[in-house]
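>>> Build me a model:
(one chain, ligands or ions: 1)
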Amino acid sequence: MSFDFCACVFALGFILAFLSWCLYIRFSPFHVSVNRIPGPKFHLPLLGNSLELAGGLDNVLHMFQEKWPEKYGEVYRIFLGNHCYVVISTPELLEAILSSQKIIDKGSSYANLVPWLGLGLLVSSGDLWRSRRKMLTPAFHFSILNSFVEVFNEQSRVLCGIIGEICQSFADGKSEMDVYPLITRCSLDIICEASMGTTINAQTKDSEYVRAVYRMGQLIVQRFQQPWLDIPWIFSVSALGREHNRLLKILHGFTEDVIQKRREALNKKGKNKTGEIETGMRNRLPLLDLLIKTSDDGKVLSNQDIRNEIDTFMFEGHDTVSSLMGWFLYCMATNTDCQDKVRTELNDLFGDSERDCSEEDIPNLKYLECCIKETLRLYPSVPLFDRTVLEDVQIGKYLIPAGCTVACPSFATHRNPKTFPDPLVFSPERFFPDEAVGRHPYAYIPFSAGPRNCIGQRFAMLETKVVLSTLLRRFKFEVSANTKPPISSTQLILKSMNGINLVVSRR
Ligand code: HEM
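I've put the predicted structure just below:
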């Protein structure tokens, strides 16, 4: 066969395949439904519309939450690979999705988390999720949460010590620093103690485990950017895949070791008269103790089940809180009038005293709470989360066919001028009770909403109030005119691509 003939057959085959593809995405029942939803007219096989996401991680945030909603509206659909995402930022339609007891399964974007987190609470679905959620809810009872205030204070003091030392090393007691890594290590120490009852001293010591937690977060995002790594054998032979497996060993090894030691310690301490395990830690009940207690020696929960839940809390419970605290300090530094108002509130409550922030102080930190809420409006730690639709569902005027993923872009939802006038202005007063009257409950969803909302919401609010009030009592935060502002980006969590660089000085 001549070369020309082969080239003709190939060209013809290509044209036929292309035409079939065009017919398929125009007339298949699935596409007939999704094509009624606004979105790009065409998408490529295997790639979908992913090419539009090319560039840095800041572009992913920009396309999903600014460019596409601007172009297509509050409901649009997009193909990533061959998968259809329906992105919804209308509060009424978000309510229909998030309050549903049927649409509770997570989308395919969570798959990369499974090797590390297994089928822990964040990733699991159906009855497994229902039973675990019920089992874990008591761990977040306010009486247990309040017992962690002591840990929040201890770690806040360590953080202040570290920041104070950096400031002191400069003649004018003022230093520009990236506060993000410092805050992250503080929240890691806190979540480790709360979930495992173990101190890792991430703030003061180098640790293989801490390095592995950091690196795993980055690696999961890198994997999203390289869709060919979704093919298991390619991933397993790639440099990233080999590193992934090495990190998994460290992460799982650490958690397994802690579980084993804690089990032994609890067995030694034995049980008190009421059958409760005595932890020797006053009222403090790390999540691990609850899980070991519930496990009934492996009959209800295996060691791996326990590990999955602990790893989930380590993942969900530190990066989200660090993101919030980092952006909060940035908002304070750029809105000094608000920083002054928080400080006045703190002065009224604590005066010059160096005492800890107690659980009784928490309800009095009203303006601080509004500032935290406003930070989460502008910079929601989880800027996009999703649900898989297992059965066709009518949402507003659109039929979303089974197999689609519905994405909830809290970042875009929170910047909608219809619900939040002058959306880019930092205004904590929006959360004063009078101002919030009449606002749709699903217009503000930093912790998601409905049955699959964040189980750690109260924990996070309590932790951030203690840590941030302690920081603002001791330090002043400003921005330097010469430093570039943070570039927000989606890295599962909303992070700055260039750190959070602030000028910090002692008060
Ligand atoms: C500022 C802090 C936090 C924010 C903004 C936040 C936000 C969220 C959001 C939006 C979800 C829903 C995700 C989805 O549907 O895919 C979620 C779920 C979850 N969060 Fe948080 N979170 C925070 C802190 C925490 C903390 C401190 C913990 C643990 C102590 C935690 C544990 C979880 C878990 C286990 C889930 C899965 C719940 C389920 O599916 O039933 N989160 N969080």
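>>> Which positions in the stretch 351-500 of the chain make contact with the ligand?
Contact residues (CB under 6 Å from any ligand atom) of the stretch 351-500 of the chain with the ligand: 381-382, 385, 446-448, 452, 454-456, 459-460. Every C-beta, even on glycine, is put in place using the N, C-alpha and C of the backbone.
>>> And the furthest pair within those residues?
Pairwise distances across these (CB to CB) peak at 18.2 Å, for the pair 385 and 459.
>>> Just the buried residues of the residues of the stretch 351-500 of the chain next to the ligand.
For those, a burial check counting by 16 or more other CB atoms under 10 Å picks out 381-382, 385, 446-448, 452, 454-456, 459-460.
>>> Redo those as JSON lines? Include pLDDT.
Supplementary listing: these in JSON lines, determined by pLDDT from 0 to 100:
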{"residue": "381", "pLDDT": "97"}
{"residue": "382", "pLDDT": "96"}
{"residue": "385", "pLDDT": "94"}
{"residue": "446", "pLDDT": "98"}
{"residue": "447", "pLDDT": "98"}
{"residue": "448", "pLDDT": "97"}
{"residue": "452", "pLDDT": "96"}
{"residue": "454", "pLDDT": "97"}
{"residue": "455", "pLDDT": "96"}
{"residue": "456", "pLDDT": "96"}
{"residue": "459", "pLDDT": "96"}
{"residue": "460", "pLDDT": "97"}
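>>> Now, the residues of the stretch 351-500 of the chain next to the ligand that are in strands?
Mapping those onto strands (DSSP state E) picks out residue 385.
>>> Of the residues of the stretch 351-500 of the chain next to the ligand, which is the nearest to the ligand?
The shortest approach to the ligand among those belongs to residue 456, at 2.2 Å (CB to the nearest ligand atom).
>>> How much space separates that closest one from residue 36?
38 Å (CB to CB, to the nearest Å).
>>> Stretch 73-80: which residues count as buried?
In stretch 73-80, counting by 16+ other CB under 10 Å, buried: 74-80.
>>> Can you name the residues that contact residue 354?
Applying CB atoms under 8 Å, 6 or more residues apart in numbering to residue 354 gives no contacts.
>>> Three-state assignment for it, please.
Classification of residue 354 using DSSP: H, G, I helix; E, B strand; the rest coil returns coil.
>>> Touching the helix or strand where residue 376 lies from outside, list them.
Per DSSP states H and E: residue 376 is located in helix 366-378. For helix 366-378, contacts defined as CB under 8 Å, 6+ apart pick out 324, 327-328, 331-332, 338, 341-342, 345-346, 414-415, 420, 424, 426-432, 444, 446, 461, 464-465, 468-469, 472.
>>> If you count neighbours, what's buried in it?
So, applying 16+ other CB under 10 Å, buried residues of helix 366-378: 367-378.
>>> Output that helix as CSV, nothing but the C-alphas.
Extracted in CSV, the C-alpha atoms of helix 366-378 (Å, rounded to 0.1, in the frame of the first residue of the first chain):
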residue,chain,number,x,y,z
LYS,A,366,-18.6,39.6,68.6
TYR,A,367,-16.8,41.9,66.2
LEU,A,368,-13.9,39.4,65.8
GLU,A,369,-16.5,36.8,64.8
CYS,A,370,-17.9,39.2,62.1
CYS,A,371,-14.4,39.8,60.8
ILE,A,372,-13.8,36.0,60.6
LYS,A,373,-17.1,35.5,58.8
GLU,A,374,-16.3,38.3,56.4
THR,A,375,-12.9,36.8,55.7
LEU,A,376,-14.6,33.5,54.8
ARG,A,377,-17.0,35.3,52.5
LEU,A,378,-14.2,36.9,50.5
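>>> Show me what from this protein comes close to the ligand.
So far as CB under 6 Å from any ligand atom goes, the chain lies against the ligand at 106, 121-122, 133, 312-313, 316-317, 320-321, 324, 381-382, 385, 446-448, 452, 454-456, 459-460.
>>> May I ask which helix or strand encompasses the nearest residue to residue 361 once chain neighbours are set aside?
Spatial nearest neighbour of residue 361, chain neighbours left out: residue 349 (6.0 Å); criterion: CB to CB, 6 or more residues apart in numbering. Per DSSP H and E: residue 349 is located in helix 336-350.
>>> what's the answer for residue 133, then?
Using DSSP H and E, residue 133 falls in helix 126-136.
>>> what's the next secondary structure element after that helix?
As assigned by DSSP H and E, the chain's next helix or strand after helix 126-136 is helix 142-146.
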